[in-house]
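Undergrad: need a 3D model of the sequence below.
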Amino acid sequence: RTIEMLELVGIANSEGVYKMYPHELSGGQLQRVCIARAVACKPEIILFDEAISSLDAHTQVQVMDLLRELKDRLGLTYIFITHDLSVVKHISDEILVMYLGTMVKYGPTEEVYGHPAHPYTQGLLSAVPVADPDYEKTHHRIPMEGEVPSPIAPKPGCRFCGRCPRATEQCRTQTPAPKDLSGGHFAACHHLD
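TA: Take a look at the predicted model:
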C-alpha cells in the first residue's frame, strides 16, 4: 500500500526514495510523501495549511498539478489555507477571505477575483505578483496601512476598520453583516463599491 501511494503521488522506485529517510528527501518529495500519507486513509476532505509556501516556484507548480489531478481522480475536497492568493486561484472552486478570524469575502473563485468588493480582498489581490514587466510597471498596489488590531481583544465594529480607507463611524461601532452581492457571492462591508 505504501508503494502504491508513493507511485500515486509521482514518486517512482527508480528514484530510490523508498529507502530514504525524511532528511534525505527534497522539499517537493517531502510534500508528496505528506500528500500520500493523507490520501492513504481514503479521506473525503483534506485540510492543507500553507502546504506549498516553503517550496520554490517550479516545485509549487508541480505539487499544485498533482493536487488538482488527485482531486479529480479521487473525488477529494480540499480546504486550502494560505496567504498566497495566486495559489488559491489555481486550486479553488470557492474562496473565503478572512481578516482576524472574521469572514470578509466569500464566493466562487471567478467572482472573488473579478469583483473583490471588500477593501481587504482588494488589497490582497493587488499584492499578487504577475510575471509581466509591463503590467507590473503600471499596476497599482493597494497598501495595507494602519495598525493591526488585537486578535485577542478586538474592538467593536468592523475588524478591518483601523486599516480601511473607507472607514466611517458606522464601521467603528457596527460589525458589518455579509451581504449577498449575487447568488452565493458575499462581502461583509458597510460601504461596498
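
Undergrad: use CA for all of it now, contacts and neighbours both
TA: Will do.

Undergrad: report the central residue of this protein.
TA: Central residue of the chain (C-alpha atoms, centre = their mean): T82, 3.7 Å from the mean position.

Undergrad: ok, now which ones touch that one?
TA: Applying C-alpha atoms under 8 Å, 6 or more residues apart in numbering, we find T82 in contact with D49, E50, A51, S53, V88.

Undergrad: give me the phi and psi for it.
TA: Note on T82: backbone dihedrals following degrees, to the nearest 10 are phi -160, psi 160.

Undergrad: gap between it and H58?
TA: Going from T82 to H58 by C-alpha to C-alpha, to the nearest Å gives 18 Å.

Undergrad: now the longest helix seen in the chain: buried residues?
TA: If you go by DSSP state H, the chain has its longest helix at helix 57-74. Within helix 57-74, the residues that count as buried by 16 or more other C-alpha atoms under 10 Å are T59, Q60, V63, M64, L66, L67, L70, K71.

Undergrad: swap in stretch 105-122?
TA: Buried-residue list, stretch 105-122, by 16+ other C-alpha under 10 Å: 105-109, 111-113, 116-122.

Undergrad: return the member of those residues nearest to V130.
TA: Using C-alpha to C-alpha, Y113 comes nearest to V130 of the buried residues of stretch 105-122, at 14.0 Å.

Undergrad: check which helices and strands the strand or helix carrying that closest one sits against.
TA: If you go by DSSP states H and E, Y113 is part of helix 109-114. Applying 3 or more C-alpha pairs under 8 Å, 6 or more residues apart in numbering; DSSP states H and E, one finds that helix 109-114 contacts strand 94-99.

Undergrad: ok, residues contacting the strand it packs on?
TA: Here strand 94-99 has contacts from 88, 103-109, 112, 120-121, 159-160, using C-alpha under 8 Å, 6+ apart.

Undergrad: for S86, which residues are in contact?
TA: Going by C-alpha under 8 Å, 6+ apart, S86 touches V128.

Undergrad: quick one: the strands in this structure, in order.
TA: According to DSSP state E, the chain carries its strands in the segments 45-49, 77-81, 94-99, 102-108, 179-182, 185-187.

Undergrad: pull up the pairing partners for the fifth one, direction included.
TA: By that I understand strand 179-182. Sheet partners assigned to strand 179-182 using DSSP bridges are listed as strand 185-187 (antiparallel).

Undergrad: for the strand it pairs with, which outside residues touch it?
TA: Strand 185-187 is contacted from outside by 103-108, 111-112, 117-118, 178-181, using C-alpha under 8 Å, 6+ apart.
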